[in-house]
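Undergrad: Just the structure for this:
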Amino acid sequence: MPEPVRVLFVCMGNICRSPTAHAIFLKRIEEAGLEDRIVVDSCGTGGWHIGDPPDPRATEAGARRGYDLSPLRARLLRPGDLDAFDYVLVMDQDNLVRSSDLNPGGRTRPELFLAYAPDSPVDEVPDPYYGDGFERVLDLIESACDGLLDHIREHRL
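TA: Numbering: from 1, shown residues only. Next up, the predicted model:
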């Protein structure tokens with residue numbers, strides 16, 4: 001059996017957007033029966049929350065839609081991640097720059113996650129940390145997860 005496709009979601013602190021994407025995409029691949037073909041992880045470009053669980057507001061919003069963020073813990077993006085993962089998907093331009101600068105020669109070039117949501121009216125997943133946009137973030141991430149899974153099925157599996 002070929003090596004699994006490895007997907008990494010990246011945001012700033014790894015407590016709101018990237019763990020939400022992690023949990024949603026994990027559920028999508030489980031529903032598709034592809035747990036042995038796709039590996040998912042998430043991380044942040046800033047180290048303020050290393051080892052912490054996702055923000056309770058993200059956990060609660062996700063749970064209302066059937067996603068379990070509770071087992072996830074924040075970790076920092078490492079230079080080797082750009083070689084270890086096939087997809088490094090970032091939530092916004094700032095984290096795109098931070099991720100790209102970390103290992104400019106890495107095998108995988110980070111890209112904006114919402115590129116996989118072709119009908120999205122925005123290019124970036126907004127950071128809900130200082131506001132109440134968790135439902136909007138879920139909508140955007142669900143759409144991009146669906147597009148990403150379709151892309152991986154078509155091009156990698």
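Undergrad: What residues sit buried inside the biggest helix by length in the chain?
TA: In the chain, taking DSSP state H as the definition, the longest helix is helix 134-155. Of all the residues in helix 134-155, those buried under the rule 16 or more other C-beta atoms under 10 Å are 134, 137-138, 140-145, 147-149, 152. Bear in mind the C-beta positions are built from the backbone N, C-alpha and C, glycine included.
Undergrad: So Leu8 is in contact with Phe85, correct?
TA: Yes: under the criterion of C-beta atoms under 8 Å, Leu8 lies in contact with Phe85, with a separation of 4.1 Å.
Undergrad: so what sits against both of those two?
TA: Among the neighbours of Leu8, those also in contact with Phe85 (C-beta atoms under 8 Å, 6 or more residues apart in numbering) are Asp41.
Undergrad: before we move on, the earlier item: the longest helix of the chain - contacts with which helices or strands?
TA: When contacts are defined as 3 or more C-beta pairs under 8 Å, 6 or more residues apart in numbering; DSSP states H and E, helix 134-155 packs onto strand 5-11, helix 17-31, helix 56-64, strand 87-90.
Undergrad: Just send those back as JSON lines, with distance to Pro71, mean neighbour count and mean pLDDT too.
TA: Supplementary listing: those in JSON lines, determined by distance: least, C-beta to C-beta, whole Å; neighbours: other C-beta atoms under 10 Å; pLDDT from 0 to 100:
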{"stretch": "strand 5-11", "distance to Pro71": "15", "mean neighbour count": "25", "mean pLDDT": "98"}
{"stretch": "helix 17-31", "distance to Pro71": "9", "mean neighbour count": "24", "mean pLDDT": "98"}
{"stretch": "helix 56-64", "distance to Pro71": "10", "mean neighbour count": "17", "mean pLDDT": "98"}
{"stretch": "strand 87-90", "distance to Pro71": "20", "mean neighbour count": "26", "mean pLDDT": "98"}
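Undergrad: possible to save those as a markdown table with distance to Arg107?
TA: Supplementary listing: these in a markdown table, determined by distance: least, C-beta to C-beta, whole Å:
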| stretch | distance to Arg107 |
| --- | --- |
| strand 5-11 | 11 |
| helix 17-31 | 20 |
| helix 56-64 | 30 |
| strand 87-90 | 10 |
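Undergrad: who wins for proximity to Arg78 among those?
TA: Using C-beta to C-beta as the measure, strand 5-11 is the one of these that comes nearest Arg78, at 10.1 Å.
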